[in-house]
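[1] how would this look folded up:
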Amino acid sequence: MRVTTQQSYVSMTQSFNDLSSDLSHVVTQMATGKSILLPSDDPIAATRITQLNRQQSAIDQYQTNIDSASAGMSQQESILDGVNDDLLAIRDDLLEAANGTNTAESLSSLGQDIQSMTEAMVSALNYQDEDGHYVFGGTVNDRPPIVAVDEDGDGVTDSYTYQGNGDHRQTTVSNGVEVDTNVAVSDFFGDSLDVLNTLTSLSKELQDPSVDPADPQVQSDIQNAIDTVDVASDALNASIATIGETQNTMTMLSGAQTDITTSNDQLISQLSDLDYGPASITFTGLEMAMQATLKTYSKVSELNLFSVI
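    Numbers count the residues shown, from 1 in each chain. This is a model prediction of the structure:
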């Protein structure tokens with residue numbers, strides 16, 4: 001079969017284009033330091049890298065969730081520690097009120113102190129985060145969990161009601177792992193807010209100018225308040241401990257996921273990083289092949305019917 005000059009030109013042009021494309025590919029590999037620029041470079045490795053990158057993205061989101069949840073729960077823990085301190089201070093006042101040596105005036109002073117700290121606890125438990133969401137109302141975050149009720153319209157709080165729920169917000173912190181990110185007032189004070197209402201009622205009783213420190217009913221009410229505070233404090237400490245346990249769990253998961261991320265980065269590097277030694281040899285070979293093709297093309301282009309007559 002005769003090979004025409006035109007066919008030779010086409011063949012050499014195709015060869016030159018192929019070499020040019022291959023050389024450009026190697027140059028890009030050397031410039032980026034990556035051996036896999038296209039899935040076709042190594043389909044198996046490319047698939048594995050895609051899987052690893054997908055896992056890395058998921059872990060990044062988990063770590064972001066952990067950081068956000070941890071910050072919020074640290075804030076909650078701090079607030080609840082303050083509420084617990086108020087409860088303990090109220091308990092001290094109650095013990096002082098129960099010692100049997102008080103006058104009506106001293107009981108009134110203790111009643112005012114108890115009222116003030118009760119209101120401080122309510123204010124703390126109606127805390128809103130930076131987004132304006134109420135934290136301690138379970139999953140109800142658009143209204144304060146604790147509402148003061150003025151039953152007789154005299155401008156003084158007579159009782160408190162709870163308008164949250166007992167559910168908890170959750171966030172995903174690892175593959176298939178969700179944690180509660182808040183505690184609700186109802187977890188430690190109950191839906192009926194017994195401790196707040198007991199203290200509110202007692203503070204009003206102690207501030208009554210006609211209160212008789214020796215009245216057995218007064219002493220009974222004080223003792224009942226002490227018992228109620230003890231139950232509430234135990235429940236509150238349990239909720240604080242729950243927050244601490246969740247924080248520990250998230251810290252453990254975060255550490256484990258950091259280790260996985262490090263391992264994945266190393267594996268991705270092993271799969272995709274360019275070995276410059278072989279790449280340099282390939283580059284040199286392609287460059288020489290292109291030069292040879294250009295020389296051949298030049299020789300062929302000089303050939304014509306007159307050059308051989």
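
[2] wait, what's in contact with Thr139?
    Residues in contact with Thr139 (Cβ atoms under 8 Å, 6 or more residues apart in numbering) are 165, 167-169. All C-beta spots, glycine's among them, are computed from the backbone N, C-alpha and C.

[3] Same list, those, but as TSV with secondary structure please.
    Formatted as TSV, the contacts of Thr139 follow (DSSP: H, G, I helix; E, B strand; the rest coil):
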residue	secondary structure
Asn165	coil
Asp167	coil
His168	coil
Arg169	coil
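
[4] Give me the pLDDT for Gln291.
    Listed pLDDT for Gln291 reads 66.

[5] In three-state terms, how would the residue found closest to His133 once you drop the neighbours it is linked to in the chain be classified?
    Leaving aside its sequence neighbours, His133 sits nearest to Asn141 (Cβ to Cβ, 6 or more residues apart in numbering; 3.9 Å). Here Asn141 is coil, with the state taken from three-state DSSP.

[6] Kindly tell me how buried Asn141 is, as a neighbour count.
    Residues near Asn141, counting by other Cβ atoms under 10 Å, number 19.

[7] how about it, what does it touch?
    For Asn141, the contact set (Cβ under 8 Å, 6+ apart) comprises 133-135, 169.

[8] hmm, which two among the residues you listed are most spread apart?
    Spanning the widest gap among the contacts of Asn141 are Tyr134 and Arg169, at 11.3 Å by Cβ to Cβ.

[9] tally of neighbours for the closest residue to Thr103 other than its chain neighbours?
    Ranked by Cβ to Cβ, 6+ apart and with sequence neighbours excluded, the top spatial neighbour of Thr103 is Pro213, at 6.4 Å. For Pro213, the neighbour count with other Cβ under 10 Å is 18.

[10] Can you give me the distance of the residue nearest in space to the middle of the chain to Thr246?
    Geometric centre of the chain, nearest residue: Asn65, 2.1 Å, by Cα atoms, centre = their mean. Going from Asn65 to Thr246 by Cβ to Cβ, to the nearest Å gives 13 Å.

[11] try Asn197
    Taking Cβ to Cβ, one finds Asn197 at 29 Å from Thr246.

[12] what do you get for Val156?
    From Val156 across to Thr246, the span is 39 Å (Cβ to Cβ).

[13] Next: Ala148.
    Ala148 is 31 Å from Thr246, by Cβ to Cβ.

[14] Contacts for stretch 52-69 next, please.
    171-175, 179, 181, 250, 253-254, 257-258, 260-261, 264-265, 267-268, 271.

[15] Can you pull the phi and psi angles for the residue nearest to His133?
    Main-chain torsions, Asn141, degrees, to the nearest 10: phi -120, psi 10.

[16] hmm, back to that, and Tyr134 and Arg169? which has more neighbours close in?
    Taking other Cβ under 10 Å, Tyr134 and Arg169 do not tie; Tyr134 has more neighbours (22 against 16).

[17] Quickly list what that one is bridged to.
    According to DSSP bridges, the residues that bridge with Tyr134 are Gln128.

[18] Can you report how many residues lie near Ser123?
    Using other Cβ under 10 Å: Ser123 sits among 12 other residues.

[19] Also Ile49?
    Applying other Cβ under 10 Å, we find 19 residues neighbouring Ile49.

[20] can you tell me the average pLDDT over the strand or helix carrying it?
    According to DSSP states H and E, Ile49 maps onto helix 43-97. Helix 43-97 carries an average pLDDT of 95.
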